[in-house]
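1. pasting the sequence and the predicted model now:
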Amino acid sequence: MTLPETTALTLSRESGVLHITLNRPEARNAMSLAMVNELMDVFDWLENDAGGAGVRALVLRGADGHFCAGGDIKDMAGARQQAAEGDPEAFLRLNRRFGEMISTANRLPQVLITVLEGAVMGGGFGLACVSDVAIAAGDAKFGLPETGLGVIPAQIAPFVVQRIGLTRARRIALTGQRFDGHHALTLGVVHEVADSPTELDKKLAEVLGEIRRCAPNASRVTKQLVLDVGHVPMDELLDRAAADFAEAVASEEGQEGTLAFVQKRPPKWAADE
């Protein structure tokens, strides 16, 4: 299967990595409904075994020096017009669609990496909070500006709480505090900070190298295990994890990994990249 056709996104696939670029630079890559729907198309493709086969990691970033400035004001105006014409659920549908997208991004089986530059606001902040690895420019600008606009970070706040904890999330959401990439690191929003484009690309390359050294299926099962903590009763989770472990040991990946370790060589999944 070929990659989905997109206009608000730019897609490229290379060595098991799908690079997704939010491509609305004239709006600092604000999240339009069209962009949300295109991301959902890509995520559906990735979750399909035939389409997503061979993609081990996603790199999500924005065009022209900005990650994402939040929601698109034009879509808000469009929903307001629909509401004025008698559609009472226009705003609900618009907001909930973004929530569906960010929930899907959160549970993707592939490793999701966000590269965060410039504006990382609102929905962009939310996407950063569901990434497996977040790499930020030191001068990136993070924030949840919604309350200052008279609205709420409805679909974003729960993921922010999961990422950095209730106390920190309350301050950020209720004050509209803005901060740079270095402070985002101290809060736990991001994992790496770079102070130049060259350093940013270097850190991304290092992370991709680390991911390629890990077995693809083992990584997928591990990600699901981690995501289920707190949502599945512990005994049930550990029983399932034990079964997954036994299956992994007996699998082709498990046998190859053990043999490669004994023979002091890279496993096939690393050597093939």
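-> Here it is on my side, so go on. Quick caveat: nothing in here was measured; it's all calculated off a predicted structure. Residues are numbered from 1 along each chain as shown.

2. give me the mean pLDDT for stretch 118-128.
-> The pLDDT scores in stretch 118-128 average 97.

3. can I get the CA coordinates of it in CSV?
-> What follows is stretch 118-128, C-alpha atoms only, in CSV (Å, rounded to 0.1, in the frame of the first residue of the first chain):
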residue,chain,number,x,y,z
GLY,A,118,9.2,27.4,17.6
ALA,A,119,5.6,27.4,18.7
VAL,A,120,4.5,24.4,20.7
MET,A,121,1.1,25.6,21.8
GLY,A,122,-2.2,24.1,22.6
GLY,A,123,-2.7,21.0,20.4
GLY,A,124,1.0,21.1,19.6
PHE,A,125,1.7,20.8,23.3
GLY,A,126,-0.7,17.9,23.5
LEU,A,127,1.1,16.0,20.7
ALA,A,128,4.4,16.5,22.5
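
4. so what's the spatially closest residue to residue 178 that is not a sequence neighbour bridging to?
-> Leaving aside its chain neighbours, residue 178 sits nearest to residue 143 (3.9 Å; criterion: CB to CB, 6 or more residues apart in numbering). Yep, even glycine has a C-beta here, placed from its N, CA and C like the rest. Taking DSSP bridges as the rule, residue 143 bridges to residue 121, residue 178.

5. ok, now which ones touch residue 143?
-> Neighbour list for residue 143: 120-122, 125, 172, 176-179 [criterion: CB atoms under 8 Å, 6 or more residues apart in numbering].

6. show me what contacts residue 162?
-> residue 129.

7. please tell me how far it sits from residue 86.
-> 37 Å (CB to CB, to the nearest Å).

8. what segments of the stretch 51-200 of the chain are strands?
-> Secondary structure of the stretch 51-200 of the chain (DSSP state E, counting those that start in this stretch): strands located at 57-62, 111-116, 119-121, 133-137, 141-143, 178-179, 192-194.

9. closest to residue 82 out of those?
-> Taking CB to CB, strand 119-121 is the member of the strands of the stretch 51-200 of the chain nearest to residue 82, at 24.6 Å.

10. and residue 20, which of the three is it?
-> State at residue 20, reduced to three classes by DSSP: H, G, I helix; E, B strand; the rest coil: strand.

11. circling back to that earlier point, make a ChimeraX selection of the buried ones in the contacts of residue 143.
-> A single ChimeraX command selects the buried members of the contacts of residue 143 (16 or more other CB atoms under 10 Å):
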select :120,121,122,125,172,179
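
12. which stretches of this structure have low pLDDT?
-> 1, 49-53, 271-273 (pLDDT under 70).

13. switch to 90 and redo it
-> 1-3, 15, 47-54, 71-91, 94, 270-273 (pLDDT under 90).

14. show me what contacts the residue lying closest to residue 28 once chain neighbours are set aside?
-> Leaving aside its sequence neighbours, residue 28 sits nearest to residue 69 (CB to CB, 6+ apart; 3.7 Å). Residues in contact with residue 69, defined by CB under 8 Å, 6+ apart, are 27-30, 119, 121-122, 124.

15. out of the residues you listed, who's the most crowded?
-> Highest neighbour count within the contacts of residue 69: residue 124, with 31 neighbours (other CB atoms under 10 Å).

16. ok, the closest residue to that one other than its chain neighbours - contacts?
-> What sits nearest to residue 124 in space, not counting adjacent residues and going by CB to CB, 6+ apart, is residue 68, at 2.9 Å. Neighbour list for residue 68: 22, 28-31, 62, 119-124, 127 [criterion: CB under 8 Å, 6+ apart].
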